[in-house]
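**Student:** I'll drop the sequence and a predicted model, then ask my questions.
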Amino acid sequence: MRQYRQSEPVDFVIVGTGAGGGTLACRLAEHGFSVVAMDAGPYFRPLEDFASDESEQTKLYWTDDRIVDGANPLQMGGNNSGKAVGGSTVHFAMVSLRFRPEWFKSRSLLGYGADWPLDWREMWRYYSEVEDALKIAGPITYPWGPHRPRYPYRAHELNAAARALADGCEALGIQWTETPIATLSAPRGLAHPCVYRGFCTSGCSTNAKQSALVTWIPRAIAAGAEIRDLAMVGRIEADNSNLATGVHYHRDGQWRFQRARNVVVAGYAIETPRLLLNSATDRFPAGLANSSGLVGKNLMVQSNQAVWGTMEREVRSYKGPPSLAITEHWNYEDKGKDFFGGYCYMSQGPLPQLWANTLLSARGLWGPHLISEMENYNHVVGLKIVGEMLPQEANRVTLADETDQYGLRIPRITYSWCDNDRRLIDHSLAFMTEALEAVDATDIWRQNDDTCHLNGTARMGNDPLTSVVNADCRSWDIRNLWICDGSVFPTVGGVNPSLTIQAIACRTADRIKTMARRGEL
Amino acid sequence: MPDSRPGTRFPGYDVLSKRQGPSWNEKTREVIAKRLATASEPRFFTADEFLTVVAAASRIVPQPPTRRPVPIAALVDRKLHLMQSDGYRLPGTPRDGEAWRLGLKALDLETRVAFGVPFHILKEADQDFLLARMQSGELRDPAWTDMASDVFFRMRLARDIVLAYYSHPTAWSEIGWGGPASPRGYVRIDYDERDPWEAAEVKGGNVVAARRKNNRVR
Ligand SMILES: Cc1cc2nc3c(=O)[nH]c(=O)nc-3n(C[C@H](O)[C@H](O)[C@H](O)COP(=O)(O)OP(=O)(O)OC[C@H]3O[C@@H](n4cnc5c(N)ncnc54)[C@H](O)[C@@H]3O)c2cc1C
Ligand code: SF4
């Protein structure tokens, strides 16, 4: 791996190497820019470092201190963010979905949220680029939305949990499909296909999972980028001419400074605003890139409610990636909804610790009730949504007074559902209950309180007054400061976000190349 | 219907019989060996605190007397000792270790006020009574300060205990889970399909058949 000196400015220093930062580091390096990409987490080698074990693999999670409040405080930790080279994609569930085209203009076309400054047709091309880069395994024809090319790898077979979803959809007369998923269904280079071991959200120890760690990062290194791991960026330096000059980062027990001609923040929707806010100066007292006052605001998670039941037959949903089948029916069907936005739902495969804690926290079970319910583990079947939540300024990241192990102020994350969020959730729970009843599941119950994914907090837009970055992920206030991760989403849609984050990063790299050629950097 | 007594559904199944086989990679062997060797003395908790945790753990996750118990309290202790935190907390709730200390102190006080003795020597029914009141947020002594007792129950005490229990191979065997699965993974993944290295459940009352299959798991 090539290494750069701290004292010589690199073209780009990127903070965070996940879906946004890892992808961008790769594409910028491939375009010929000098790149140092830093991550607070370690550079793991899955084949040697990853155990088949839920507890051990919590080492992948971002578990630095955070305060959560609001009417519906978020559960952070494992379910929400990673701290490793490759970011959250190292332990993500690999579901790789495109936005519904109308969502890029949800304000003008559907009457809610905010419009994106991006055109869906251009995004469609970038989605294809990412799907090919990750060799997504998916169905031959996708039932919803405009035409998309065939997925590069064949779909995975269905496990019993996925079959229950499919059977339920067919009974209720809606479409379903094999989930497009970022794990190999055939060999690729030295990597074997997925062996259906089911530990995906604890990290994939066989490298079948096409995370940023095994896709974009090796390509970035091959193209000359440096990946600097265990490097926690604490502050972006900005000078008096409204330019960023580099980043202060903590590595090997001391603070250091990397000079750079451009700084990209890609720390995900909590750490990105936190870093911008923690970088306040006399000139930018409200934090960097924050003349709109929107840095940290409009945080959006996605609703992640579930309906669970018990089957007479053995399901053993621990085998295979957790979400092998999906329906996006309620993303594309607008009739019969009393809410804005949409949701998809997928089959599930919780491992024992996660499942036991679900029974405890969502159903309040402990003692003999918990033990006997856990003995039904192999018969449990579940459906879970990824649902759209609306942007609200009051849902936000601010700085608490307490500090972390680096002496940096920790984030306070405030979250409350709105009425629309609740109506969407109610609709989905009622529908999924029917779907489980249709496959003769018994002891059906609803998990009302769960969320996933983090987006917003530095939204993109066409107007500096109402957005933090433009369509190219460039901040309005500081022209060599960029934000390229889940934070830039103006709305979240009803699908998992990583494919869109990576598509935006690919587009941003191309735009930067074009602008550089025109002397517009 | 399966036998409803705990621990009888997967007779003879032991996840650890796969330990040297292709379902366990080297890293997993190392991690689980360490977990199985967890010494029973506390490093984080004081001796008194530890007694309370042991007692609470045996109510949250009761274990049958017929086998060696999972050392739940020691596993919780080790996690706190190593400062492995969930990484998020409500306002008024301190970081994980301090939250445990505060919660145990408050529970101790509530117990002495209500029953005049420490928690660990209470009758099981009285322990359950207090834990249920904690779960519903009805323990409100000023000793809880700004941390609600139901929050402590759900996010710390019961959560850490349940996670510790289900981190142990004994608990995995009890629920018939396949356990570690790298690199071998699984082949048969549809309804009622079982790879020969998975637990067999008693079907149609035939304990012998299930036991025979489970004894062959490697
Ligand atoms: C359990 C789980 C399952 C998921 N499943 C799916 C799924 O199936 N499909 C899907 O599309 N999405 C899924 N997601 C979401 C997806 O992983 C994220 O949306 C995506 O990875 C976010 O990309 P990002 O670049 O914004 O941030 P990340 O990928 O989280 O990367 C951010 C990186 O920045 C680093 N960082 C942050 N701050 C600093 C700093 N100050 N200094 C240095 N480094 C820093 C972090 O260590 C991290 O590595 C899942 C997420 C989780 C947690
Ligand atoms: S199921 Fe497949 S993708 Fe998931 S951890 Fe196992 S091998 Fe990796």
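**Tutor:** Thanks, I have it. Ligands and ions are numbered 1, 2, ... in the order given.
**Student:** Roughly how far does the residue of chain A most remote from its centre sit from B:Arg59?
**Tutor:** Distance from the C-alpha centroid of chain A peaks at A:Pro368, with 37.0 Å (Cα atoms, centre = their mean). Distance of A:Pro368 to B:Arg59, given as Cβ to Cβ, to the nearest Å: 10 Å. C-beta here means a position set from N, CA and C on the backbone, and glycine is covered the same way.
**Student:** Between the two ends of stretch A:397-411, how far is it?
**Tutor:** Using Cα to Cα, to the nearest Å, the end-to-end distance of stretch A:397-411 comes out at 6 Å.
**Student:** ok, now stretch A:91-99?
**Tutor:** The first and last residues of stretch A:91-99 sit 22 Å apart, counting by Cα to Cα.
**Student:** Look at residue 81 and report its pLDDT.
**Tutor:** No chain specified, so I'll use chain A. We note a pLDDT of 92 for A:Ser81 in this prediction.
**Student:** Switch to chain B, please.
**Tutor:** On the pLDDT scale, B:His81 is placed at 97.
**Student:** residues contacting it?
**Tutor:** B:43-44 (Cβ atoms under 8 Å, 6 or more residues apart in numbering or on different chains).
**Student:** Can you list phi and psi of residue 183 for me?
**Tutor:** Picked chain A for this. phi -140, psi 140 (degrees, to the nearest 10).
**Student:** That one contacts A:Asn207, correct?
**Tutor:** No. Applying Cβ atoms under 8 Å as the test, A:Thr183 and A:Asn207 come out as separate, 9.8 Å apart.
**Student:** With neighbour numbers in mind, choose between these two.
**Tutor:** A:Thr183 (28 against 21; other Cβ atoms under 10 Å in any protein chain shown).
**Student:** Show me what that one bridges to in the sheet.
**Tutor:** A:Lys209 (DSSP bridges).
**Student:** gap between it and chain B?
**Tutor:** For A:Thr183, the distance to chain B equals 11 Å [Cβ to the nearest Cβ, to the nearest Å].
**Student:** so what's that residue up against?
**Tutor:** By Cβ under 8 Å, 6+ apart, A:Thr183 lies in contact with A:94, A:137, A:156, A:194, A:200, A:204, A:208-210, A:321.
**Student:** and the longest strand along chain A, what does it pack onto?
**Tutor:** For chain A, the longest strand by residue count, based on DSSP state E, is strand A:254-265. Strand A:254-265 sits against strand A:10-15, strand A:35-38, strand A:232-238, strand A:244-251, helix A:268-278, strand A:481-483, with contacts defined as 3 or more Cβ pairs under 8 Å, 6 or more residues apart in numbering or on different chains; DSSP states H and E.
**Student:** Which one, of those, ends up nearest to ligand 2?
**Tutor:** Taking Cβ to the nearest ligand atom as the criterion, helix A:268-278 is the member of the helices and strands packed on strand A:254-265 that comes nearest to ligand 2, at 21.4 Å.
**Student:** what are the phi and psi values for the residue in the stretch 201-350 of chain A positioned nearest to ligand 2?
**Tutor:** Residue nearest to ligand 2 within the stretch 201-350 of chain A (Cβ to the nearest ligand atom): A:Cys204, separated by 3.2 Å. Backbone geometry at A:Cys204, expressed as degrees, to the nearest 10, gives phi -100, psi 110.
**Student:** That one touches A:Phe50, doesn't it?
**Tutor:** Yes. Here A:Cys204 lies in contact with A:Phe50, judged by Cβ under 8 Å, at a distance of 7.2 Å.
**Student:** what about B:Arg67, how many residues close to it?
**Tutor:** If you count neighbours by other Cβ under 10 Å, B:Arg67 ends up with 11.
**Student:** If you could redo that for B:Ile189, that was the one I meant.
**Tutor:** 25.
**Student:** quick one: it from A:Pro321, how far?
**Tutor:** Distance, B:Ile189 to A:Pro321, by Cβ to Cβ: 10 Å.
**Student:** anything in contact with each of those two?
**Tutor:** Jointly contacting B:Ile189 and A:Pro321 under the rule Cβ under 8 Å, 6+ apart are A:Tyr196.
**Student:** Tell me how far A:Ala114 lies from B:Arg112.
**Tutor:** For A:Ala114, the distance to B:Arg112 - Cβ to Cβ - is 56 Å.
**Student:** Neighbour count for those two, which is higher?
**Tutor:** Using other Cβ under 10 Å, the more surrounded residue of A:Ala114 and B:Arg112 is A:Ala114, with 21 against 12.
**Student:** Run through the bridge partners of A:Trp255.
**Tutor:** The partner residues for A:Trp255, given DSSP bridges, come to A:His250.
**Student:** neighbours around A:Val439, how many?
**Tutor:** Neighbour tally, A:Val439, other Cβ under 10 Å: 19.
**Student:** just checking, it touches A:Ala161?
**Tutor:** No. Contact criterion Cβ under 8 Å: A:Val439 and A:Ala161 do not qualify, at 10.9 Å.
**Student:** Overlap in contacts, the two.
**Tutor:** Going by Cβ under 8 Å, 6+ apart, residues that sit against A:Val439 and also against A:Ala161 are A:Val381.
**Student:** Next, count neighbours for the spatially closest residue to A:Thr58 that is not a sequence neighbour.
**Tutor:** Nearest non-adjacent residue to A:Thr58, counting by Cβ to Cβ, 6 or more residues apart in numbering or on different chains: A:Gly78, 6.2 Å away. For A:Gly78, the count of nearby residues is 22 (other Cβ under 10 Å).
**Student:** middle-most residue in chain B, spatially?
**Tutor:** Nearest residue to the geometric centre of chain B (Cα atoms, centre = their mean): B:Tyr165, 1.7 Å.
**Student:** any idea how far that residue lies from A:Leu499?
**Tutor:** From B:Tyr165 to A:Leu499 the distance is 37 Å (Cβ to Cβ).
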